[in-house]
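Asker: how would this look folded up:
(one chain, ligands or ions: 1)
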Amino acid sequence: MATHRFIVSNYSNALTSGTVSWRSPSNIALVKYWGKYGEQMPMNASVSFTLSNCHTQTKLSFEKKVSGEFDFEVFLDGKKEMGFEPKIQKFFERIAVYLPFLKDFKFSIETTNSFPHSSGIASSASGMSALALCFMDMERQMQPAITDAYFTEKASFLARLGSGSACRSVEGPLVVWGEHPDISGSNNLFGTKYPFGVHPDFEDYQDTILLVDKGEKQVSSTLGHELMIDHPFAEQRFRQAKDNLSKLVPVFQNGDLSAFIKIVEQEALSLHALMMASTPYFILMKPNTLEIINKIWKFREETGARLCFTLDAGANVHVLYPKFEKETVLKFIKGELAIFCKNSEFITDEAGLGAKKI
Ligand code: PMV
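Answerer: Below you'll find the model as predicted:
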């Protein structure tokens, strides 16, 4: 699939000033993306649940100016946030070829996260997708003829250039990103809604995020992806991810939760194993991460409850379970797992339908 379909030569309507607002959720990968090439292209296909409660809300105000340099200010929770500027500047540089109007406006980007900034939950997926959607909203005002499909695909395409996994936050509840032979429409350029049958259990899957470590990420995802270049297990990893996604296709269809649990936990531990085996090497789990994993395994064995865990590139634990287990699992989390979280904090979330215009 070629990128030139996202390049616009001229717009039909002129725009001088205005405001657009979008809310975009975070997502949690079941098959992980770890390793990239070229301009934010994934080395393997991934699939994630789009979340609901963990989201970023972004208001983009724009005013026409004399064309020149990029001109923007970023505000987090109403306060000017210079720390975000280099990342946004890089984002503007990457996407300017697809949004030729970027240099013609002065922008104010006002953003808030529903989750605490210091929670250790990455805001890049929700933040970059919310901003990409705001830009697409502007583009649609200048080119009303674009289709909804084009709008969504290009928003995801742009979000990917901000942060790879952000391209999976535009739609929901299950989104695939990366070309995979078993999944029609899947491609490296943007996320696509999982196209096949999904058992009702997976439509409102629950994710309780246990906040084990709320500090800065020990390994940035940029460095993390780089560790996969020349990684001794790279080839095997990309094959494993591909196989795991193939295995999930019938599982999503028939709701085989035992098979789902095995694949999801293996993916999480493989991601961390890759980091432990890279040069330099990292251990991103904390002792409490392991305590929680062991407790989950014990509880599952004793009760047969259908919960499992997954991890991102950090110490926090995502506890995943179908809605019919909610009461049992939340009681278990409050009674036995919350003590392993910083200030006993956790966030309850569930699979959702993607971004929304405000
Ligand atoms: O989108 P990035 O570059 O921050 O990478 C995200 C990588 C993981 O969260 C660890 C896995 C994934 O697929 O989301």
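Asker: which positions in the stretch 251-358 of the chain make contact with the ligand?
Answerer: Applying C-beta under 6 Å from any ligand atom, one finds that the stretch 251-358 of the chain approaches the ligand through 271, 312-313. (C-beta placed from N, C-alpha, C; glycine too.)
Asker: what is the burial count for V74?
Answerer: Around V74 there are 22 other residues, counting by other C-beta atoms under 10 Å.
Asker: look up phi and psi at it.
Answerer: phi -120, psi 130 (degrees, to the nearest 10).
Asker: so it bridges to which residues?
Answerer: Here V74 shows beta-bridge partners I109, assigned using DSSP bridges.
Asker: show me what contacts it?
Answerer: Under the criterion of C-beta atoms under 8 Å, 6 or more residues apart in numbering, the contact list for V74 reads 80-82, 84-85, 88, 109, 111.
Asker: likewise for K331?
Answerer: Counting by C-beta under 8 Å, 6+ apart, K331 touches no other residue.
Asker: A strand includes it, no?
Answerer: No: using DSSP: H, G, I helix; E, B strand; the rest coil, the secondary structure at K331 is helix, not a strand.
Asker: tell me the one of the contacts of V74 nearest K326?
Answerer: For K326, the closest of the contacts of V74 turns out to be T111, at 30.6 Å, with distances computed as C-beta to C-beta.
Asker: surely the closest one meets G127?
Answerer: Yes: taking contact to mean C-beta atoms under 8 Å, the distance of 6.3 Å between T111 and G127 places them in contact.
Asker: need the buried ones from the contacts of V74 selected in PyMOL.
Answerer: Buried residues among these (16 or more other C-beta atoms under 10 Å), as a PyMOL selection:
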select buried, resi 81+84+88+109+111
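Asker: where do the strands of the chain begin and end?
Answerer: Taking DSSP state E as the test, the strands found in the chain are 17-31, 36-37, 41-42, 46-64, 71-76, 79-80, 105-113, 174-177, 192-193, 206-210, 308-311, 317-321, 346-350, 356-357.
Asker: so what's the nearest residue to A241 once chain neighbours are set aside up against?
Answerer: Distances taken as C-beta to C-beta, 6 or more residues apart in numbering put N44 closest to A241, at 3.9 Å, once the chain neighbours are dropped. N44 makes contact with 31, 33-35, 178, 237-238, 241-242 under the criterion C-beta under 8 Å, 6+ apart.
Asker: repeat that for S186.
Answerer: When contacts are counted by C-beta under 8 Å, 6+ apart, S186 is found next to 45, 176-180, 192.
Asker: need the contact list for C167.
Answerer: Contact criterion C-beta under 8 Å, 6+ apart gives 129, 156-157, 159-160, 177, 190-191 as the residues in contact with C167.
Asker: low-confidence ranges in the stretch 101-250 of the chain?
Answerer: For the stretch 101-250 of the chain, applying pLDDT under 70 flags the ranges 118-120.
Asker: give me that answer again for 90
Answerer: 115-123, 213-222 (pLDDT under 90).
Asker: residues of it that sit close to the ligand?
Answerer: Within reach of the ligand by C-beta under 6 Å from any ligand atom, the stretch 101-250 of the chain has these residues: 124, 163-165, 221.
Asker: tell me which of these fall in helices.
Answerer: For those, the ones inside helices are 124, 221, with DSSP state H as the criterion.
Asker: who wins for most neighbours among the residues of the stretch 101-250 of the chain next to the ligand?
Answerer: The most neighbours of any of these, using other C-beta under 10 Å, belong to S165, which has 27 neighbours.
Asker: isn't that one right up against S126?
Answerer: No: the pair formed by S165 and S126 falls short of the contact definition of C-beta under 8 Å, at 10.0 Å.
Asker: which residue packs closest to A14, ignoring adjacent ones?
Answerer: For A14, ignoring the flanking residues on the chain, the nearest one in space by C-beta to C-beta, 6+ apart is M142 at 7.3 Å.
Asker: which ones are touching the closest residue to L248 other than its chain neighbours?
Answerer: Once its chain neighbours are removed from consideration, L248 has its nearest residue in I263; the separation is 6.0 Å (C-beta to C-beta, 6+ apart). Going by C-beta under 8 Å, 6+ apart, I263 touches 30-31, 244, 247-248, 251.
Asker: ok, now with 10 Å
Answerer: Contact analysis of I263 by C-beta atoms under 10 Å, 6 or more residues apart in numbering lists 30-31, 243-245, 247-248, 251, 256, 308.
Asker: mind telling me which residue of the stretch 201-350 of the chain is nearest the ligand?
Answerer: Residue nearest to the ligand within the stretch 201-350 of the chain (C-beta to the nearest ligand atom): S221, separated by 3.3 Å.
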